[in-house]
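Engineer: predicted model, plus sequence, below.
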Amino acid sequence: PIMSAGPRYEYHWADGTNIKKPIKCSAPKYIDYLMTWVQDQLDDETLFPSKIGVPFPKNFMSVAKTILKRLFRVYAHIYHQHFDSVMRLQEEAHLNTSFKHFIFFVQEFSLIDRRELAPLHELIEKLGSKDR
């Protein structure tokens, strides 16, 4: 019923256009808003040009960072609220592999602030330490 990552992190939705002031909503609703918003960003030719020679906008990195920060929240929610279900389905290896690729990518290019990663800090440390 709540888009959260444990008791210390609750996420409210705002897209800056249709919903300017963050609203509290259920996790399914938040994720629906998020995925629709991400798709709209990816479909926006001014943000993600598909034609050769058309430059990316000056705010591209800011938009990309916001997208990735918000997608991280879905991982954080799944790990904190639904990991038992993931384990019952025996899908934790797939989730962990997907998350590991995601986190290595955002860390390699400094795309998400460390503070935003706090809900999964311990997991991130464990995943990173296995490769050393």
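Structural biologist: Happy to help now that I have it.

Engineer: C-alpha from now on. contacts and neighbour counts both.
Structural biologist: Noted.

Engineer: run a quick neighbour tally on F72.
Structural biologist: For F72, the neighbour count with other C-alpha atoms under 10 Å is 21.

Engineer: hang on, I meant Y30
Structural biologist: Neighbours of Y30 using other C-alpha under 10 Å come to 20.

Engineer: what's the answer for Q90, then?
Structural biologist: Q90, neighbours per other C-alpha under 10 Å, totals 11.

Engineer: give me the pLDDT for it.
Structural biologist: With respect to pLDDT, Q90 scores 97.

Engineer: buried residues in stretch 104-122, which are they?
Structural biologist: Neighbour-count burial for stretch 104-122, with 16 or more other C-alpha atoms under 10 Å as criterion, is recorded at 106, 111-112, 117, 119-120.

Engineer: go on, stretch 1-19?
Structural biologist: 2-5, 11, 13-14.

Engineer: need the max-distance pair from these.
Structural biologist: A5 and A14 (17.6 Å; C-alpha to C-alpha).

Engineer: just to revisit the earlier point, I'd like the buried residues of stretch 1-19 laid out as TSV, including distance to G128.
Structural biologist: Shown next, in TSV, are the buried residues of stretch 1-19 (distance: C-alpha to C-alpha, whole Å):
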residue	distance to G128
I2	29
M3	26
S4	24
A5	20
Y11	26
W13	30
A14	32
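
Engineer: what about the residue nearest the centre of the chain, which helix or strand?
Structural biologist: Centroid-nearest residue in the chain, with C-alpha atoms, centre = their mean: L71, separated by 1.5 Å. Per DSSP states H and E: L71 is located in helix 60-81.

Engineer: fine by me, we can end here.
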